[in-house]
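1. below are the sequence and a predicted model for it; my questions follow.
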Amino acid sequence: MDLEQLRALLAKAERFYQPEREPSIFALGGRGYYENPTTDLLAFFLNPAQVHGLEECFLTALLNCLPNTSTLTPSLRAAPQREVVTHNSNRIDLVLPGDGWDLLLENKIFHGQVNPFADYEAFAQRKLNDGERPLFYAVLSPSGKSVRAAWHGLSYAKFIDAARQQLAQRMLTHPVDKWQVFARDFLLHLENITVEKAMDAKAVNFVIEHLHQINKLTRLKDQVIDALDAKVLDKLDAEVPGYARYTRRHNWKNGPALRYASDNWKTWSDVVLYLSGANSTMKPSVRVYLCDVDETLQEQGRKLFTGNETKVWSEGKNNSILGFSWVLDHFDEEEVLGLIVEKMKLLMTFENGIRAQVGQHTEA
């Protein structure tokens, strides 16, 4: 596979990349947000009489997404009913007793549609409805599909869009309050856990179909990183007096981190080349970590390394690690190698000279 074929593969893969999504308060902590609590909140917002004060925003949005409901009044004659048990001990997720109508809603976030829909329908016709009100059935899911003809399939994407439109219209005439904020955050969370999942099958199929080429691309990436690592080590050997080769490699969130130290140091201080692929244009950064430094050593380290638009921070237990970073606008091999050598020379001065001098002064 030549480079042009790899470029074409990367271009095709672009459509399947999942964007970073804004987190919501509902996603913080725990193991995730499953169907029961999601349906509880849906019931809360779908009830115009609830304390949220959003009136029929969510209910109107839901009815607008369903067929043959344009003449229905968006109000309820009673509160929504959760986990309604049928005569066969099956449970209906949500029943909405409408003003002149009834709606059974099944909420599907993670699982397939293996529900006993026929039992739901029979129970609704015998127990929930007096025969004078129209009955509606809907399945709310990431795909928007239904396995049973009588049940209308509704996608979360369509419902979320409709609900946002209703909330936006309400904001034109009502001041923003906490319930509007909660409602919008709830919709954001639903989008994060459902709309993205609807795309997963296409992404999986793409990866499986092109796994051979992807493996080749991964091997090429590893070969390039190995070659770059070897060039850095050769450069350090040749241009840094007293350097004793020592290297580690980590995979950080957006790319590899190549770490270089001298094998005769007692600390974990090092120079790091971070190749971040977070953006379309890769901007490499060179970092220096001074480890096990007290206030005196930190002051000396700042004098030695600060400058040239340096970013400086402290981390670790008792802030005993001092970090510096220099970000380049683009990858230029000669510039990157030169910067690593420059920082390693300074780090050699710090570890072999300044650290020893400060230690002798402290002991004296």
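-> Looks like it arrived, so ask away.
2. beyond the longest helix along the chain, next helix or strand please.
-> Across the chain, the helix with the greatest residue count (assigned by DSSP state H) is helix 211-239. Remark: after helix 211-239, the chain's next helix or strand is strand 245-252, criterion DSSP states H and E.
3. still on that earlier bit, what packs against the longest helix of the chain?
-> The contact analysis (3 or more C-beta pairs under 8 Å, 6 or more residues apart in numbering; DSSP states H and E) places helix 211-239 against helix 3-13, strand 245-252, strand 255-262, helix 333-349. No exception for glycine: its C-beta is placed from N, CA and C like everyone else's.
4. for Leu190, find the nearest of those.
-> Of all the helices and strands packed on helix 211-239, it is helix 3-13 that lies closest to Leu190, at 26.9 Å by C-beta to C-beta.
5. could you point out which element follows that closest one?
-> On the C-terminal side of helix 3-13, the closest following helix or strand by DSSP H and E is helix 35-46.
6. show me the shaky parts of the stretch 51-200 of the chain.
-> Residue ranges of the stretch 51-200 of the chain with pLDDT under 70: 110-113, 196-200.
7. quick one, strands of it?
-> 73-76, 81-85, 91-99, 101-107, 135-141, 152-155 (DSSP state E, counting those that start in this stretch).
8. try the stretch 251-364 of the chain
-> Taking DSSP E, counting those that start in this stretch, the strands of the stretch 251-364 of the chain run over residues 255-262, 270-274, 285-290, 311-315, 321-327.
9. quick one, the fourth one and strand 285-290 angle?
-> Relative orientation of strand 311-315 versus strand 285-290 (axes from the mean of the first three to the mean of the last three C-alpha atoms, to 10 degrees): 40 degrees.
10. show me the contact partners of strand 311-315.
-> Strand 311-315 is contacted from outside by 298, 302, 305-306, 321-327, using C-beta atoms under 8 Å, 6 or more residues apart in numbering.
11. mark which of those residues are buried, thanks.
-> Buried subset of the contacts of strand 311-315 (neighbour count, 16 or more other C-beta atoms under 10 Å): 298, 305, 321-326.
12. dump these to TSV, plus distance to Val312 and pLDDT.
-> Below are the buried ones among the contacts of strand 311-315 laid out as TSV (distance: C-beta to C-beta, whole Å; pLDDT from 0 to 100):
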residue	distance to Val312	pLDDT
Gln298	10	94
Phe305	8	93
Ile321	12	95
Leu322	7	95
Gly323	7	95
Phe324	6	96
Ser325	8	95
Trp326	11	95
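13. mind putting the residues you listed into JSON lines with distance to Asn251?
-> Shown next, in JSON lines, are the buried ones among the contacts of strand 311-315 (distance: C-beta to C-beta, whole Å):
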{"residue": "Gln298", "distance to Asn251": "29"}
{"residue": "Phe305", "distance to Asn251": "26"}
{"residue": "Ile321", "distance to Asn251": "20"}
{"residue": "Leu322", "distance to Asn251": "24"}
{"residue": "Gly323", "distance to Asn251": "19"}
{"residue": "Phe324", "distance to Asn251": "22"}
{"residue": "Ser325", "distance to Asn251": "18"}
{"residue": "Trp326", "distance to Asn251": "21"}
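14. hang on, the earlier thing: can you redo the strands of the stretch 51-200 of the chain as TSV with distance to Val181 and mean neighbour count?
-> Compiled in TSV, those are given as follows (distance: least, C-beta to C-beta, whole Å; neighbours: other C-beta atoms under 10 Å):
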stretch	distance to Val181	mean neighbour count
strand 73-76	23	17
strand 81-85	24	14
strand 91-99	24	19
strand 101-107	23	22
strand 135-141	23	22
strand 152-155	25	19
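15. mind putting these into a markdown table with distance to Trp268?
-> Shown next, in a markdown table, are the strands of the stretch 51-200 of the chain (distance: least, C-beta to C-beta, whole Å):
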| stretch | distance to Trp268 |
| --- | --- |
| strand 73-76 | 63 |
| strand 81-85 | 55 |
| strand 91-99 | 54 |
| strand 101-107 | 50 |
| strand 135-141 | 50 |
| strand 152-155 | 51 |
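16. right, and these - which one's nearest Pro116?
-> Closest among these, using C-beta to C-beta: strand 91-99, at 9.8 Å.
17. what is the neighbour count of Pro86?
-> Heads up, residue 86 is Thr, not Pro. 18 (other C-beta atoms under 10 Å).
18. any idea how far it is from Ala356?
-> As judged by C-beta to C-beta, to the nearest Å, Thr86 and Ala356 stand 80 Å apart.
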